[in-house]
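Undergrad: Structure for this input, please:
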Amino acid sequence: MEKVLVGMSGGVDSAVTAYLMKLAGYEVIGITLKTWLNEDGTDSRCCEIDDARAAAIALDIPYYVRSCTEEFDERVVRPFIDEYISGRTPNPCVGCNRNIKWKKMLEAANDMNARYIATGHYATVLELENGRYSVKKATHEAKDQTYMLYRLTQEQLSRTIMPLGRLSKDEVRDIARKAHIPVAEKPDSQEICFVKDDDYAAFIEEHAQRELPPEGDFVDPDGRILGKHSGIHHYTIGQRKGLGIALGYPAFVRKISPDDNTVTLDTNESLFSDEIIINDINYMGIPPLEQGESIRADVKIRYQHKPAPAAIERVMSSDDASLLVRFDEPVRAATPGQAVVAYDENGCVLCGGTILHTSGGRDNEKI
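TA: Prediction:
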């Protein structure tokens, strides 16, 4: 039998993945990567070891735990904090998937002579006609996780199986119940695994290893001071709630400027952009674009964003060439630091990158 190493978080999705791989005839080994320990001594939500072990025992599969807390802190937590302090809004799960989870699982798979790894993500790994690997959107689109997987490498994808791509969450829970898997009714969590109560600012203030941004000025687009903000790490583009300022009209964060420690507030209409420059590109379903080459794609600018039609063009000739994304219709609150992911007409990821800046707002200012 072919060996497969299944990443088990302690949730129902990864437990059902292990069950399905065993049904398919694989020799299944379960593994949990211990990435983060909360201040109260409990495991983070992506590595709840007791629940993962209980599921492995119920499935009668061998189970192992590997700690990578130091590397997780260095490669995920520190960049997350630094990005917020720099006025950007990061996607820590994107970097974690490539640099921690897949890296460490494949290392463990090699140690155990396992050809494949399997995960409980709602997506499907495909080898395309051009010979490249990509991830395709889940049939149950509300649970689709391809946006967070766009940075996986071709080598990583070639050794990955995702059996939940054609299932709904209800179907997964039903499988778990029928198989008597103990985490069948365990609720989902949508928060970042290492940030308790989704309070990013409090986490940053507690764990930062550099000086935090001080209080500064809220300003309008013309630079007039409107009031005081609490530090730029408290804000993100498009934010309305929690500003602590009343202007007599709905105000939104339009721009965060670490250089002068200001946060620009403006109307909702000012948040729309026609163009986005992205860098740190990862090509998945297509080979790298040549300078001046362009493609059409459906493009997401955040996890819950409905893909919007756009043209994508390579605009630099360096090894890490930037891409210019021109949307057919303006998109709202494109945020520096967030991921942009491009899909083909079949829902397969073509490429993705990180928002460097946008051109948008009423005066077409770069933000």
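Undergrad: the strands in the stretch 201-350 of the chain, which residues?
TA: Under the criterion DSSP state E, counting those that start in this stretch, the stretch 201-350 of the chain contains strands at 216-219, 225-229, 252-257, 262-266, 272-283, 294-300, 308-314, 323-332, 339-343, 349-360.
Undergrad: Return the most buried member of those strands.
TA: Among these, strand 339-343 has the highest mean neighbour count (mean count of other C-beta atoms under 10 Å), at a mean of 26. Where you see a C-beta, it was placed from the backbone N, CA and C, and this is true even at glycine.
Undergrad: which secondary structure elements does that strand contact?
TA: Counting by 3 or more C-beta pairs under 8 Å, 6 or more residues apart in numbering; DSSP states H and E, the packing neighbours recorded for strand 339-343 are strand 294-300, strand 349-360.
Undergrad: switch to 10 Å and redo it
TA: Using 3 or more C-beta pairs under 10 Å, 6 or more residues apart in numbering; DSSP states H and E as the contact test, the elements touching strand 339-343 are helix 92-96, strand 133-137, strand 272-283, strand 294-300, strand 308-314, strand 323-332, strand 349-360.
Undergrad: still on that earlier bit, which one, of the strands of the stretch 201-350 of the chain, ends up nearest to Ser189?
TA: Nearest to Ser189 among those is strand 339-343; the distance by C-beta to C-beta comes to 20.0 Å.
Undergrad: Report the mean per-residue pLDDT for that closest one.
TA: The pLDDT scores in strand 339-343 average 97.
Undergrad: Could you list the paired strands of it along with their orientation?
TA: strand 294-300 (antiparallel), strand 349-360 (antiparallel) (DSSP bridges).
Undergrad: Please tell me how far Arg177 sits from Val16.
TA: From Arg177 across to Val16, the span is 10 Å (C-beta to C-beta, to the nearest Å).
Undergrad: cool, and Val340?
TA: On the measure of C-beta to C-beta, Val340 and Val16 end up 31 Å apart.
Undergrad: List the residues that contact the residue nearest to Met316 when sequence neighbours are not counted.
TA: Excluding the flanking residues, the one nearest Met316 by C-beta to C-beta, 6 or more residues apart in numbering is Ser322, at 5.0 Å. Ser322 makes contact with Ile277, Ile278, Asn279, Asp280, Ile281, Glu313, Arg314, Val315, Met316, Gly353, Leu356 under the criterion C-beta atoms under 10 Å, 6 or more residues apart in numbering.
Undergrad: switch the cut-off to 8 Å
TA: For Ser322, the contact set (C-beta atoms under 8 Å, 6 or more residues apart in numbering) comprises Ile277, Ile278, Asn279, Ile281, Arg314, Val315, Met316, Gly353, Leu356.
Undergrad: just Glu127 next, same as before
TA: Tyr133, Ser158 are the contacts of Glu127 under C-beta under 8 Å, 6+ apart.
Undergrad: The one 3 residues further on too?
TA: Residues in contact with Asn130, defined by C-beta under 8 Å, 6+ apart, are Gly285, Ile286, Pro287.
Undergrad: Can I get the buried part of these as one ChimeraX selection?
TA: Selection command for ChimeraX covering only the buried members of the contacts of Asn130, criterion 16 or more other C-beta atoms under 10 Å:
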select :285,286
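Undergrad: Make a markdown table from the contacts of Asn130 and add distance to Ala108 and pLDDT to it.
TA: Below are the contacts of Asn130 laid out as a markdown table (distance: C-beta to C-beta, whole Å; pLDDT from 0 to 100):
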| residue | distance to Ala108 | pLDDT |
| --- | --- | --- |
| Gly285 | 27 | 98 |
| Ile286 | 30 | 98 |
| Pro287 | 30 | 97 |
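Undergrad: comparing the strands of the stretch 201-350 of the chain, which gets the lowest mean pLDDT score?
TA: Across those, the lowest-scoring stretch is strand 349-360, with a mean of 89.
Undergrad: And it, how far out from the chain middle?
TA: The chain centroid and the centroid of strand 349-360 are separated by 14 Å under C-alpha atoms, centre = their mean, to the nearest Å.
Undergrad: between it and strand 252-257, how many degrees?
TA: Inter-element angle recorded for strand 349-360 and strand 252-257: 90 degrees (by axes from the mean of the first three to the mean of the last three C-alpha atoms, to 10 degrees).
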